[in-house]
Every structure is written in structure tokens, then in C-alpha cells.
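In: fold the following for me, if possible:
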Amino acid sequence: MDATSAIAALSRNDLKRERALAGGEWVSSASTIAVSDPATGAVIGSVPAMTADEVSDALAAAEVQNRRWAAKGAAERAGLLHRWHEAIQANAEDLATIITAEQGKPLAESRGEVAYAASFVRWFAEEARRGYGQIIPSPDGSRQIFALQEPVGLSVAITPWNFPAAMITRKAGAALAAGCAMVVKPSEMTPFTALALAVLAQESGIDALSVVTGLPRDIGTVLSTSPRVRKLSFTGSTRVGRILMEQAAPTLKRLSMELGGNAPFIVFDDADLDRAVEGVMASKFRNAGQTCVCANRILVQRNVLPQFTERLVAAVGRLKLGNGFAPGTTIGPLINEAAADKVERHLDDATARGGRLLYRASSTAGERFTAPAVVVDATTDMQLASEETFGPLAPLFAFDTEEEAVDLANASESGLAGYFYSRDVGRIWRVARALETGMIGANTGMLSMEVAPFGGIKQSGFGREGSLLGMAEYMHVKTLHLDVS
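Out: Coordinates of the predicted model:
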């Protein structure tokens, strides 16, 4: 099935009509945004380029939805979320096809993302019944004190292009479970996945999920400043996160920010090197390196650096660059030319500063394709040491002592994820405590799952998604004092 027929089949032709879903109704706009396939550059469809006024109208309609949704019982919300989860699973192949068509990742990875996205809907369907409060003992027995958990109100999610399904369900599942309607503004580069998920939610009986499409410069300010919106959740760059915080400040919105990363990946000399290479491959090269928790700086203890490097180069050499729909592809295109240019800029800077390009596959796939590369002799003055590359470039830094590794790892404004490999139990606890990141993978290169809190510290933001903490982000506490004297 090609991308166009998948979109038509899944959406019952709704997505083909250049419409967005706002307030439970399909809406169109005077102008549109073309969406292209990163692998070929071909336009696969268009969505509305909504105006600020149109988004304001959508928020007004969503506010009405929010009141209705908040009034539903927890069991009813849970049941509807379970139906949405079942619908996502039933349409998994079409959703995966849409993701590959507009985002570019290999189809096998897209299938994995759909399963991952569905897991959050199932998890929060279960958590919807558990919005517990507290009963607090009175100091003198004259009153009963209750701390009640209530939905925070109409919520907005601004989501990125790298995981166009999972970044929506991780936010929307939590909001809907808590009793909040949600308006999603997906990336203009990957809007069809969001619209497809909204179609399935609507068909499952959920009328509290809306999708607005448009360019950030046209509609972003409306979403961040509207007094109708009580909560804003954003996944994206630290730079944009700061702007949204400034814009949201006058209305004192609740915020969750999952921002940029610069993850260290430490390989100690007592590590299982084969497992460490597997971890690097999973973390660094998944989605062509376009993940916020991607291993950006690979730190290897000097006395095992030659052995590790040899194993890593062999593993990278087995990757297959190509169209995400082509059988056997393990590395797809980057999202656009600017992303590919950034990888080349980081590589040129690294080699100009003394780094050695140890391996790079040849590629004639196209201008958005960037062949995986391994650079050795990386140093802290290189751009790739302080900037998130967001591409399949693996730089290797050498270190001598545990203290040096921790210092190098923490020498970043970012604090989203960190990884390290060691078989020394004492070292595992020491390093885990010392690393300044919100998430740590000890002897694993994979961090995210629905049951575990996801989020960062430092310049990587605040708030947590997934786990029982994810729903708490969409609830506030109301304290009730009942005089029983």
C-alpha cells in the first residue's frame, strides 16, 4: 500500500480533504501546507494553514468539549481510551505507512512507534481510574480535610516531527485520562499521523481531542497566550521552549517542557563491549539519530577504545541506508535538507579540529540522506560536543578515569538522558548518582516505556510523561476543609 492510499483508507477520505479537526468538527482553511515524503521529495498531500483567528475559534470549541469531557466518570473515560487503543492496534499498518511516508523512518521502526504510541493509550486508560486524592488527619479532630485531584482544564500539546504518533499519545492519553480535553498542534512536516490518530479517537467515541494545523509563526502565539488554555505541553528545542515559557507567563499556564538533549554514552573498561555496541546502535542510530535521547557523545575508556571502535565500525557497516519503504532499510532520510546540512557541518568542524573520519558509507540516495559516520579523536571544542547533532554521526571521545568520564558527561547545559556500561555494581551506583540527567540507562541503550517517567533536568526542561506521574501533570489539587464539630 502506498502512502496516499493508506491515508485514504484510514481516514475514510477525511484526511484527503485538506481539513483539520477542531471542536469535534472538520474545518478547512483558505490556504494549505504541502507535506512531502523526505525520501523522494514528492508531495503526498496538504493540510490547512490555519490562521490565528481560526485557531482561536478551535480553542473556543475545545473549551466546550473540555466541560463535557471533565464531567464524564473515570470509568467512562477509561473505556473510551481502551476503545481508542484497540482502534490504533487495528489500524497499525496504515498508521505505520503514514509515518514512513511523511517522516521517512524505516517501516519496521514505524511499526514499532505505533506499538509504542498505543502502549501509552492503554496505560492511561488504566490510570484514568486512579486519580486518587488524600484524606488528611485534622490536628484537633474538628474537621475532615480532603486533598482532591481535579483536571487542570483545556490543554494544548505542541509536538515534533521525529515521533509523530508517540509524542501525541504520550500527552493526549494522560490529558484525556485526567479529564482534560486536548488540542494538538503537530509539526507541519508530519500532520497526517496526528489527523489519523484523531480520526480513530473520534470513531472510538472520544470527542475531546482536536488537531489544528499551520505554521508556528502563524498560530503558535495563540496557543501559548490564550486564557482558555490552562496547560501547555511541548516537545522540541530548548530555544523554542524558552519562547513558549515567555509567551505563557502572563496567563500562568501549567507547563511541561521536554527539550533538547546532548546525551553522553560512557563505556568503562569493565563493560561488556559487545553489549555496549548494541546499546550505541540502538540509541545513536534509531530514527537516523533523530531522537532527543540519542547518544550524542560516546565516551570510551582509553584502554578499551581500540576494541570498542573496531566492533562499532563493523556494526555501523551493516546498516543499510535507503527509502523507508525499501526492504531491509535500517537508516532512512533525515527530515529535510537543513537537518542533513547540520550533520555535514558538524562533521566538517570535527575533522577541521583534529577528529578523524574513521568510517563512512558511500551514498547516492539523495540530498536528505546522510550516511552513518564514525569519528574518533573527538574533543570538547568541537561543535558536536555542545550541540545536538540529530543525525547518524557517532563521535568517540577518550577518557582515563571514572571521575573524568563523569565530568565530561556533565559538561553540558542539557540534562535529558545519559547512558553508561559497566559490570562493577559499586561503579553503577556511583555513576548513576553522579550523572546530571533526568533519565539514565545503565547497561541499556533504550530508556522510554509507558510505565517509566520520561523527562529531563537543567536546560532539557521539566515535567514528566508516562508512568503515574504523566497523568498528574494534567491535574491540580483542591483542598476541602469540612467542619465536623
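In: show me which helix or strand of the protein is least confident by mean pLDDT.
Out: Within the chain, no helix or strand scores below helix 3-11, which has a mean of 51 by mean pLDDT, DSSP states H and E.
In: spatially central residue for this protein, please.
Out: Met167 (4.5 Å; C-alpha atoms, centre = their mean).
In: in a helix, that one, correct?
Out: Yes. Judged by DSSP: H, G, I helix; E, B strand; the rest coil, Met167 forms part of a helix.
In: any stretches of this structure with poor pLDDT?
Out: Across the chain, the ranges flagged by pLDDT under 70 are 1-29, 364-365.
In: could you identify the helix or strand that succeeds the longest helix along it?
Out: Using DSSP state H, we find that the single longest helix of the chain is helix 107-127. Going down the chain from helix 107-127, the next helix or strand is strand 134-136, by DSSP states H and E.
In: any idea how far Glu450 is from Thr235?
Out: 16 Å (C-beta to C-beta, to the nearest Å). (Glycine included, C-beta is placed from N, CA and C.)
In: for Leu154, that is, sorry about that
Out: On the measure of C-beta to C-beta, Leu154 and Glu450 end up 24 Å apart.
In: of the two, which one has the most company?
Out: Between Leu154 and Glu450, Leu154 has the larger neighbour count (other C-beta atoms under 10 Å), namely 27 against 24.
In: please enumerate the strands of the stretch 201-350 of the chain.
Out: Taking DSSP state E, counting those that start in this stretch to define them, one finds strands in the stretch 201-350 of the chain at 209-211, 231-235, 254-258, 263-267, 295-301.
In: could those go into TSV alongside mean neighbour count and distance to Tyr359?
Out: Output for the strands of the stretch 201-350 of the chain, formatted as TSV (neighbours: other C-beta atoms under 10 Å; distance: least, C-beta to C-beta, whole Å):
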stretch	mean neighbour count	distance to Tyr359
strand 209-211	28	42
strand 231-235	26	32
strand 254-258	22	32
strand 263-267	28	17
strand 295-301	26	13
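In: switch those over to TSV; also include distance to Gln247.
Out: Supplementary listing: the strands of the stretch 201-350 of the chain in TSV, determined by distance: least, C-beta to C-beta, whole Å:
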stretch	distance to Gln247
strand 209-211	20
strand 231-235	9
strand 254-258	11
strand 263-267	28
strand 295-301	28
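In: and Ser187, which of the ones you listed is closest to it?
Out: Minimum separation from Ser187 across those (C-beta to C-beta) falls at strand 231-235, 10.0 Å.
In: re the thing from before, in contact with the nearest residue to the residue nearest to the centre of the chain once chain neighbours are set aside, which residues?
Out: The spatially closest residue to Met167, leaving aside those adjacent along the chain, is Thr159, at 4.3 Å (C-beta to C-beta, 6 or more residues apart in numbering). Contacts for Thr159 (C-beta atoms under 8 Å, 6 or more residues apart in numbering) come out as Met167, Ile168, Lys171, Val184, Lys185, Pro186, Ser187, Ala194, Thr235.
In: pretty sure the first one is in contact with Pro160, am I right?
Out: Yes. Under the criterion of C-beta atoms under 8 Å, Met167 is in contact with Pro160, at a separation of 5.9 Å.
In: now do the shared contacts for the two.
Out: By C-beta under 8 Å, 6+ apart, the residues touching both Met167 and Pro160 are Thr235.
In: which residue ranges of the stretch 201-350 of the chain form helices?
Out: 216-225, 238-248, 273-284, 305-317, 337-352 (DSSP state H, counting those that start in this stretch).
In: so which of these is the most packed in?
Out: helix 273-284 (a mean of 21; mean count of other C-beta atoms under 10 Å).
In: identify each buried residue in the one helix or strand His476 maps to, please.
Out: His476 belongs to strand 475-483 when assigned by DSSP H and E. Using 16 or more other C-beta atoms under 10 Å as the test for burial, strand 475-483 gives Met475.
In: I'd like to know which elements it is packed against.
Out: Strand 475-483 sits against strand 143-151, with contacts defined as 3 or more C-beta pairs under 8 Å, 6 or more residues apart in numbering; DSSP states H and E.
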